[in-house]
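Visitor: make a model of this:
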Amino acid sequence: MTDSGDEISIPEEKRKRIRERVLAAEKEKLNLDNPIGINDEIEQIIEEEIN
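Guide: A predicted model of the protein is given here:
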């Protein structure tokens, strides 16, 4: 990984909310035989919270 010098600062409250939403999404998929789409769902959560 290269250091571009750009640093993103995300407040702790927002990071906590992202973690909680991602964990909830993973729990929903945990019991499925074929948990399709979890990566897309996690990406969407992060984009919603960051933007």
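Visitor: tell me where the chain has strands.
Guide: In the chain, no strands are found when defined by DSSP state E.
Visitor: biggest helix in it by residues?
Guide: helix 12-30 (DSSP state H).
Visitor: how far does that one sit from the chain's center?
Guide: Put simply, helix 12-30 sits 7 Å off its chain's centre (CA atoms, centre = their mean, to the nearest Å).
Visitor: what residues of it count as buried?
Guide: The neighbour-count check on helix 12-30 (16 or more other CB atoms under 10 Å) flags 18, 21-22, 25 as buried. (C-beta placed from N, C-alpha, C; glycine too.)
Visitor: neighbours of residue 47, just the number please.
Guide: 9 (other CB atoms under 10 Å).
Visitor: likewise for residue 8?
Guide: The burial count for residue 8: 5, using other CB under 10 Å.
Visitor: check contacts around it.
Guide: The neighbourhood of residue 8, defined by CB atoms under 8 Å, 6 or more residues apart in numbering, contains no residues.
Visitor: flag the shaky bits of this protein, pLDDT-wise.
Guide: 1-5 (pLDDT under 70).
Visitor: follow-up on the earlier one: other residues contacting the longest helix of the chain?
Guide: Here helix 12-30 has contacts from 35, 37-38, 41-42, 45-46, 49, using CB under 8 Å, 6+ apart.
Visitor: export these as JSON lines, with columns for neighbour count.
Guide: Shown next, in JSON lines, are these (neighbours: other CB atoms under 10 Å):
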{"residue": "35", "neighbour count": "14"}
{"residue": "37", "neighbour count": "12"}
{"residue": "38", "neighbour count": "15"}
{"residue": "41", "neighbour count": "17"}
{"residue": "42", "neighbour count": "15"}
{"residue": "45", "neighbour count": "18"}
{"residue": "46", "neighbour count": "14"}
{"residue": "49", "neighbour count": "14"}
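Visitor: and those, which two are the farthest apart?
Guide: The span of the contacts of helix 12-30, defined through CB to CB, is set by 35 and 49 at 21.5 Å.
Visitor: skipping its backbone neighbours, what lies nearest residue 42 in space?
Guide: Nearest in space to residue 42, with sequence neighbours left out and distances taken as CB to CB, 6 or more residues apart in numbering, is residue 22 at 5.3 Å.
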